[in-house]
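J.: Sequence isn't available, so here's the structure alone:
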């Protein structure tokens, strides 16, 4: 019956649009190699939209840029890469804080890297 082209299509109930849950981006799960995209034409190919926060107090995530990809193994440890194709995450950098999924700021101390406690 599955291969019969004349059979009626299976009846699937329509999903209730109000019941669909849209998930948000969790910045606490991003680590590894990261490519920061700045070209607005490639925004659709990125995992999330981020804002580089000028003040540490308002940032959702503190990021320590690692010099070796092997050491970027927990939250907030990013290995910035120049090749978008080899990055674990491609993030679009916006100048408008309201359009960003989350904000981050770089830190010079490795132990400070990670999510802010809320």
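T.: Okay, I see it. Source: prediction; values computed, not measured.
J.: who touches residue 27 in this structure?
T.: Shown in contact with residue 27 (C-beta atoms under 8 Å, 6 or more residues apart in numbering): 48, 60-61, 101-102, 104, 115. All C-beta spots, glycine's among them, are computed from the backbone N, C-alpha and C.
J.: looking at those residues, which has the most residues close by?
T.: Highest neighbour count within these: residue 104, with 25 neighbours (other C-beta atoms under 10 Å).
J.: Which parts of this structure are helices?
T.: In the chain, no segments count as helices under DSSP state H.
J.: can you pull up the bridge partners for the residue nearest the centre of it?
T.: In the chain, the centroid-proximal residue (C-alpha atoms, centre = their mean) is residue 48; its distance is 3.9 Å. Under DSSP bridges, the beta-bridge partners of residue 48 are residue 91.
J.: So it sits against residue 102, correct?
T.: Yes: with contacts counted by C-beta atoms under 8 Å, residue 48 reaches residue 102, the gap being 7.0 Å.
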